[in-house]
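Chemist: sequence and predicted structure below; questions after.
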Amino acid sequence: MEGSANSKNVSNYEMLAQYYDELLQDEEALGLWLEYIEKEKLETVLELASGSGVMAGILKRKGYEVTASDISPEMKEASKVNFDGEYLLLNMTDYHLNKKFDLILCICDSINYLYEEELKDFFKCAYEHLNENGRLIFDMHHKKRLEEFAEQYIEEGYVKDTAYQWTIMSDEYENIISEHFTFYTPDGMIQEHHSQNVFDPDRVKEIMAEYFDCEMIMDFVEDEKILTVGYRK
């Protein structure tokens, strides 16, 4: 693909936010998450890593009291087309809200952006912001994703009239999945890199145990996503 000789690197969804729904939205997974959430019969929701606000918007329209959040200002801006409620900028391992919720939700493999040493803070913050008998629901990459991307995946095309290239590659030794996006804009080539850690489910359970009893659905999306429900102790 051709583009200007100018090039810059960005991070934290600074560029990808405006194309997120077109490139990364997973309608099948959204339906599965929603079906599971509705089984829990909860009312107040804090969604972490809400991204473009699609799930927050769906839940709000279904009558849930939803607070959305993300660390990315660009994602908060992009969410305005999907969600018209409260949207906070916060770090999901370090936040202090004067409110508790029935459900804390973190989907789209967002927990995989954390390092293992950050997981305890993630669970501690969630515990502190849940009502008694509250739930923490999140998903994470299945280990088989490392095998899936052992050989580099490359996708090219156009999104909103902008040419792009998207590559995914795993490192099975380091348990990392790396995604690289290149957008060829009139002002030059913009590159954005994302790296996610793939966790051992047993280790996640062990870290959670101080705050939550947990149930894991290992093939929530077969060979792709593990769903975890944490029951506040």
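Modeler: Nice, thanks for sending it over.

Chemist: contacts and neighbour counts: CA atoms only from here.
Modeler: Will do.

Chemist: quick check: residue 157 is in a helix.
Modeler: No - counting by DSSP: H, G, I helix; E, B strand; the rest coil, residue 157 is not found in a helix; it is strand.

Chemist: spit out the contact partners of the residue nearest to residue 90 when sequence neighbours are not counted.
Modeler: Sequence neighbours aside, residue 71 is the residue nearest to residue 90 in space, at 5.0 Å (criterion: Cα to Cα, 6 or more residues apart in numbering). Contact analysis of residue 71 by Cα atoms under 8 Å, 6 or more residues apart in numbering lists 49, 89, 90, 91, 92.

Chemist: return a PyMOL selection command for the buried portion of those residues.
Modeler: If you want just the buried ones from the contacts of residue 71 in PyMOL, going by 16 or more other Cα atoms under 10 Å, the selection is:
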select buried, resi 49+89+90+92
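
Chemist: need the contacts of residue 71 in CSV (columns: pLDDT, distance to residue 200 and secondary structure).
Modeler: Shown next, in CSV, are the contacts of residue 71 (pLDDT from 0 to 100; distance: Cα to Cα, whole Å; DSSP: H, G, I helix; E, B strand; the rest coil):
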residue, pLDDT, distance to residue 200, secondary structure
49, 97, 21, coil
89, 97, 29, strand
90, 96, 26, coil
91, 97, 23, strand
92, 97, 20, coil
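
Chemist: residue 136: how many residues sit nearby?
Modeler: Neighbourhood size, residue 136 [other Cα atoms under 10 Å]: 24.

Chemist: how near is it to residue 124?
Modeler: As judged by Cα to Cα, to the nearest Å, residue 136 and residue 124 stand 11 Å apart.

Chemist: how far away is the residue sitting nearest the centre point of the chain from residue 140?
Modeler: The residue lying closest to the centre of the chain (Cα atoms, centre = their mean) is residue 110, at 2.7 Å. With the distance defined as Cα to Cα, residue 110 ends up 7 Å from residue 140.

Chemist: what are the ranges of the strands in the protein?
Modeler: Using DSSP state E, the strands assigned to the chain run over residues 7-10, 44-47, 65-70, 86-89, 101-106, 130-141, 153-159, 162-171, 176-185, 188-197, 212-221, 225-232.
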